[in-house]
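Student: Sequence first, predicted model second:
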Amino acid sequence: MVVGASHAGAQLAASLRQGGWKGEIVLVGDEGTLPYQRPPMSKAYLAGKNTLDQLAIRSAAFYAKQEITLLDDSVQAVDRTDGRVTLSRGGSLAYDELALCTGARVRRLAAPGADLCGVHYLRTAADVELIREAASPGRRAVIIGGGYIGLETAASLSGLGLQVSVLEATERVLGRVTAPEVSAFFDRIHREEAVDVRTKATVEELVGTDRVQGVVLAGGETVPADLVIIGIGVEPNTELAAAAGLQVDDGVVIDDHARTSDPAIVAAGDCTSHLMTRYGRRIRLESVSSATEQAKVAAATACGKSQRITALPWFWSDQYDVKLQIAGINTGYDEIVLNGDPAEGRDFTCYYLRRGELIAADCVNRPRDFMFSKQVIIRGGQVGRDELALQAVG
Amino acid sequence: MAVVTFVSHDGDTHQAPLEEGRSLMQVATENAVPGIDGDCGGEAACGTCHVVVDPAWAERVGSSEAGEEGMLAMNPEREPTSRLSCQMVLCEAWDGLTVRLPEFQM
């Protein structure tokens, strides 16, 4: 029984079958669709460049052939003693192995007016379809949050011909995840694409009569809006695990084999918190690559095999003609080395070092640097600064 | 039925039906071909769908484009006819295409 049918759940079900699982496999999801690729939601799907069918992780025929049952439902409770789950639409199902892939949900904005008509969040295909209906050329879109989702959404809506503003509460966009030089780069390219980027912009309230008409900032200015999209992060869906008595620490706690505190239950994806030896602390990653790897390891564990979660985390983002690829996590860096100039043009790499060792890299239109960085970091990060500065462009 | 063939590093072969308009990576994952991950979903962002095109097919299939080339350039298993299979959109004329898989996707 796999609870949650996004990247982790879909991969876990497929890997169970590939790993030799002979019994029934039930994949429970409540979006009413085939499991689909989530990263394009803020990018190509929002821009109308593809259909949900094209974004299906696997086709309906695949699940049928692999004898994986897709159940359009959600799980209300887990009874670990009896090995049963209670379903929201009534009834219960027994399981031999349980996998929790419950993912994450958007963080809600706690400001007056945030529930007005015309105010959207962006996580699911259904969210995006509502935004697309409202996104007519010439309309004014205000995006609250200058993280990856906010900036990708800004790029997509700008491409659809909307007038876009981005409101970031801190002093720079992507402040939580990148060096100031990289933030300044993204700030610049959005301005070059006619997006109105405002930092230190704290939202006081959203105003409008029937529909949202504006966003009021601390200081009193009102930014006019025909639609508002809030992208201020996600929170893991851990309630089911916590209610079942599993250990939760920010995310559902898993070990290197993707086992929860109950060895009969595995978990994978955005809902998990994993002690990563590479970083010496528990980390809850929000990424497809991590969800996919954890799901493969969880499936191996459920099949009685032994694999470990070891891959280097990596991420990507597409905005306009800029493809950003990120290798590793830069937390704790004490030095950066730039190759190329973030203040000009649209290709450079920002390497992050700690005590002289490479720990992460933000690669802008530099796939070669990205692959190079991955390999260096995996080998332990030893690299000469000259080598980083002189690394052939690409 | 038009087919494409994947030869694993160990020499095992897997055949899959050729679906015109879909990428070789999609056909591989759809048919549970081991050794092709396609983690990024076809964005040429992850490099986990690396294949080596049979030299007899190299000219017809074409060579890698700039972004794809950048992803392959640093790969130790890189060969002259390496491609990212997510960037190879299938057409009927490729019936019989054979590709080899590297030992590791990275």
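Tutor: That came through fine. Numbers count the residues shown, from 1 in each chain, chains lettered A, B, ... in the order given.
Student: From here on, just use CA atoms for contacts and neighbour counts.
Tutor: Fine.
Student: in the chain, which spans are helices?
Tutor: You didn't say which chain, so I picked chain A. A:7-18, A:60-65, A:125-134, A:148-159, A:180-192, A:239-243, A:288-302, A:367-378, A:385-390 (DSSP state H).
Student: The chain in question should be chain B.
Tutor: B:24-30, B:55-61, B:66-73.
Student: just so I know, which of the ones you listed lies nearest residue A:364?
Tutor: helix B:66-73 (11.5 Å; Cα to Cα).
Student: wait, what's in contact with the residue in the stretch 201-350 of chain A that chain B sits nearest to?
Tutor: For the stretch 201-350 of chain A, the residue closest to chain B is residue A:289, as judged by Cα to the nearest Cα, at 6.1 Å. Counting by Cα atoms under 8 Å, 6 or more residues apart in numbering or on different chains, residue A:289 touches A:313-315, B:39-40.
Student: ok, the closest residue to chain A within chain B - how many residues close by?
Tutor: Ranking the residues of chain B by distance to chain A (Cα to the nearest Cα) places residue B:70 first, at 4.4 Å. The tally of other residues near residue B:70 (other Cα atoms under 10 Å in any protein chain shown) stands at 23.
Student: My guess is it contacts residue A:366. True?
Tutor: Yes: counting by Cα atoms under 8 Å, residue A:366 is a contact partner of residue B:70 at 7.2 Å.
Student: returning to what we had before: now the helices of chain B in JSON lines, with distance to residue B:93?
Tutor: Output for the helices of chain B, formatted as JSON lines (distance: least, Cα to Cα, whole Å):
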{"stretch": "helix B:24-30", "distance to residue B:93": "14"}
{"stretch": "helix B:55-61", "distance to residue B:93": "9"}
{"stretch": "helix B:66-73", "distance to residue B:93": "23"}
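Student: Redo those helices as TSV? Include mean pLDDT.
Tutor: TSV is the format used below for those (pLDDT from 0 to 100):
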stretch	mean pLDDT
helix B:24-30	95
helix B:55-61	94
helix B:66-73	90
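Student: Out of those helices, indicate the one that is most buried.
Tutor: Mean neighbours per residue, mean count of other Cα atoms under 10 Å in any protein chain shown, is largest over the helices of chain B for helix B:24-30, with a mean of 23.
Student: Show me the contact partners of the lowest-mean-pLDDT helix or strand in chain B.
Tutor: None of the helices or strands of chain B scores lower by mean pLDDT, DSSP states H and E than helix B:66-73, at a mean of 90. Contacts with helix B:66-73, where a contact means Cα under 8 Å, 6+ apart, come from A:365-368, A:370-371, A:394, B:44-47, B:50, B:78, B:82-84, B:87.
Student: In contact with residue B:81, which residues?
Tutor: B:52-55, B:58, B:63.
Student: right, and residue B:90 touches residue B:19 too?
Tutor: Yes: using Cα under 8 Å, residue B:90 is in contact with residue B:19, at 6.6 Å.
Student: Now chain A against chain B: closest residue?
Tutor: Closest point on chain A to chain B, by Cα to the nearest Cα, is residue A:368, at 4.4 Å.
Student: pretty sure that residue contacts residue B:74?
Tutor: Yes: in this structure, residue A:368 is within contact of residue B:74 by Cα under 8 Å, at 6.4 Å.
Student: Neighbour count for the two, which is higher?
Tutor: Shown here are residue A:368 and residue B:74; by other Cα under 10 Å, residue A:368 has more neighbours (22 against 18).
Student: any idea how far residue B:29 is from the residue nearest the centre of chain B?
Tutor: The centroid of chain B falls nearest to residue B:85 when counting by Cα atoms, centre = their mean (3.2 Å). Distance, residue B:85 to residue B:29, using Cα to Cα, to the nearest Å: 11 Å.
Student: for residue A:193, same thing?
Tutor: Where residue B:29 is concerned, residue A:193 sits at a distance of 37 Å (Cα to Cα).
Student: and the stretch 251-394 of chain A, which residues reach chain B?
Tutor: Contact residues (Cα under 8 Å from any Cα of the partner chain) of the stretch 251-394 of chain A with chain B: A:288-289, A:292, A:316, A:325, A:365-368, A:370-372, A:394.
Student: Can you list the low-confidence ranges for chain A?
Tutor: Applying pLDDT under 70 to chain A flags residues A:391-394.
Student: can you tell me which residues contact residue A:140?
Tutor: Taking Cα under 8 Å, 6+ apart as the test, what residue A:140 contacts is A:162-165, A:224-227.
Student: To clarify, my last question referred to residue A:243.
Tutor: Contacts of residue A:243 (Cα under 8 Å, 6+ apart): A:77-78.
Student: just to revisit the earlier point, would you check which pair of the residues of the stretch 251-394 of chain A next to chain B lies furthest apart?
Tutor: A:292 and A:394 (27.3 Å).
Student: Between the two, which is the more surrounded one?
Tutor: residue A:292 (23 against 20).
Student: That one against residue A:269, yeah?
Tutor: Yes: assessed by Cα under 8 Å, residue A:292 is found in contact with residue A:269 at 7.3 Å.
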